[in-house]
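Asks: for reference, the sequence and a predicted model appear below.
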Amino acid sequence: MDALEGAKLVLVVGLGISGRAATDKLLREGKKVRINDASDCAEMRERAREYAERGAEVVLGHHRPEVLEGVDLVVVSPGVRGRLPLLREAEARGIAVWSEIELAWRYARGPLVAVTGTNGKTTTVSMIEAILKEAGMPAVAAGNIGHPLVAAVEEAGPGDPLVVEVSSFQLYYIREFRPRVSVLLNIAEDHLDWHESLEDYIASKSRIWKNQRGEECVVCNLDDPLCLQAVKDAEAQLLYFSRKDKEEAEVFLREGTLYCRASLQGGEGREPLPVMRAEELLLPGEHNLENAMAATAAAMALGAGSRAAGEALRGFRGLAHRLQMVGEHGGVRFYDDSKATNPHAAARALGAFTQPLLVILGGRNKGLPFGQLAEMLSERSQAGRLRMVYAVGEAAAEITSVLSAVRPPLPLRSMDRLEEVFSDLPETARPGDVVLFSPACASFDRYRDYRERGKHFQQLVEKYRRSAYG
């Protein structure tokens, strides 16, 4: 018997956005629900009161094993650590543990595209949604972008495609989750504060296609060796994308034009069809071109055409806090890339600009090395394209230590807070420069999330433009 069908009592761990959506769905389905969250703040107590009025049992302030008493199924929110002793104890007792996307998938009434990777997930999900809508398909974007999949399946009509961003956390606890199309964008070291090793992280990402078979598709980055390593055991159809003109790639770049193979559009053979000129993509950086190619392959695998892909991508203006141009003052442009919460993401942002950069790094490190980022900064500095590196926040000392070892020395300043950076800019920035806020760290040393951090950066940019610092 399916764990959900036979469950008399379901425990939902984590009362964040996904946890609340899962609880709402389970209550609507007539399930008895117990909610558990380690927080006992005033906001959480208010949520608990509301759910108690709807018949749920709520246990706050701890994750002690007694919350498992009588439980037949555990549904866990993506922010909850996979190594949480409570979850390990549940598995030891033989209780099934599911992520929210595992629960949601069982109620989906249309094809599902699942997107994972270290960086670029949200942008790619939004691109796929835009292409499908351009092709006349009422797609809904959901998942780890702030709109839980379990809520999206309620909104979508029968047959409507769902495009879901999934993290390694969510994939860790899937069982039968089976998308029509899965997408692996890239793999780099990330979340080693959550996963035991890079190998463990790759294994978790690889679970996205564990249940796919036959004509179902895996879209994969042909230029990323770790991606190729990860997909070697996939049993579904492989669709590669590449920034190079490679015969193996279904979507590729040739002489500045993005092409797709005719077979992707239901045609015969592998003759290439033009999608768009690379220069027509409004988002800077080769990584965004990769995102566009992945989105093209995924959307066309669901039936969209090359024309729809080109039209949607030409008009795609990007998302907040992802290399978002947020202002200009005195010939200096400011870019908010607060979503870059690891060194790999920050390195990709560096590669998007040819102008001299003033780079702002820092926040809370997730157990990741800064060595490769230091090498890139050194190369830029020696080429005369690095004006200054500012290290801020909790990780400032660690970043400064790594970057100080670079020879020849980098232009480098360590500061406690973002505000101090803006006080320094009038003396340092020059017309034609770019100020790039791409932290390479999580935001939790000072902010609730990357969005709050990005909004603060944008507020400081606006103050700077009004010459509050100059």
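Replies: Now that the structure is in, tell me what you want to look at.
Asks: list the contacts of the residue nearest the centre of the chain.
Replies: Nearest residue to the geometric centre of the chain (Cα atoms, centre = their mean): residue 121, 4.1 Å. Residue 121 is in contact with 115, 144, 145, 165, 166, 167, 185, counting by Cβ atoms under 8 Å, 6 or more residues apart in numbering. Glycine gets a C-beta too; all of them are placed from N, C-alpha and C.
Asks: turn those residues into JSON lines, columns for secondary structure, pLDDT and neighbour count.
Replies: Rendered in JSON lines, the data for those read as follows (DSSP: H, G, I helix; E, B strand; the rest coil; pLDDT from 0 to 100; neighbours: other Cβ atoms under 10 Å):
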{"residue": "115", "secondary structure": "strand", "pLDDT": "97", "neighbour count": "33"}
{"residue": "144", "secondary structure": "coil", "pLDDT": "67", "neighbour count": "25"}
{"residue": "145", "secondary structure": "coil", "pLDDT": "70", "neighbour count": "18"}
{"residue": "165", "secondary structure": "strand", "pLDDT": "95", "neighbour count": "28"}
{"residue": "166", "secondary structure": "coil", "pLDDT": "93", "neighbour count": "28"}
{"residue": "167", "secondary structure": "coil", "pLDDT": "86", "neighbour count": "21"}
{"residue": "185", "secondary structure": "coil", "pLDDT": "95", "neighbour count": "26"}
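Asks: in JSON lines, list those residues along with distance to residue 405.
Replies: Listed next are those as JSON lines, based on distance: Cβ to Cβ, whole Å:
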{"residue": "115", "distance to residue 405": "37"}
{"residue": "144", "distance to residue 405": "35"}
{"residue": "145", "distance to residue 405": "37"}
{"residue": "165", "distance to residue 405": "36"}
{"residue": "166", "distance to residue 405": "37"}
{"residue": "167", "distance to residue 405": "33"}
{"residue": "185", "distance to residue 405": "31"}
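Asks: report the two of the residues you listed separated the most.
Replies: Greatest spacing in those, by Cβ to Cβ: 145 and 185 (14.2 Å).
Asks: sec struct for the residue lying closest to residue 87 once chain neighbours are set aside, please.
Replies: Take residue 87 and drop its neighbours on the chain: the residue closest to it by Cβ to Cβ, 6 or more residues apart in numbering is residue 97, 5.5 Å away. Applying DSSP: H, G, I helix; E, B strand; the rest coil to residue 97 yields a three-state assignment of strand.
Asks: need the pLDDT of residue 97.
Replies: Predicted confidence (pLDDT) for residue 97: 96.
Asks: do the same with residue 155
Replies: On the pLDDT scale, residue 155 gets 89.
Asks: residue 140 too?
Replies: The score at residue 140 is 93. That number is its pLDDT.
Asks: same check on residue 320?
Replies: 84.
Asks: please apply the same query to the one 5 residues further on.
Replies: Reading off the per-residue confidence, residue 325 sits at a pLDDT of 88.
Asks: where along the stretch 1-150 of the chain do the helices fall?
Replies: For the stretch 1-150 of the chain, helices defined by DSSP state H, counting those that start in this stretch occupy the ranges 17-28, 42-53, 85-92, 100-105, 121-134, 149-155.
Asks: tell me, how many residues neighbour residue 371?
Replies: 11 (other Cβ atoms under 10 Å).
Asks: how about it, what does it touch?
Replies: Residue 371 makes contacts with residue 402, as judged by Cβ under 8 Å, 6+ apart.
Asks: now this protein, which segments are flagged as low pLDDT?
Replies: 1, 82, 144, 189-197, 468-470 (pLDDT under 70).
Asks: just to revisit the earlier point, now the helices of the stretch 1-150 of the chain in a markdown table, with distance to residue 239?
Replies: Putting the helices of the stretch 1-150 of the chain into a markdown table (distance: least, Cβ to Cβ, whole Å) gives the following:
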| stretch | distance to residue 239 |
| --- | --- |
| helix 17-28 | 29 |
| helix 42-53 | 42 |
| helix 85-92 | 34 |
| helix 100-105 | 21 |
| helix 121-134 | 13 |
| helix 149-155 | 23 |
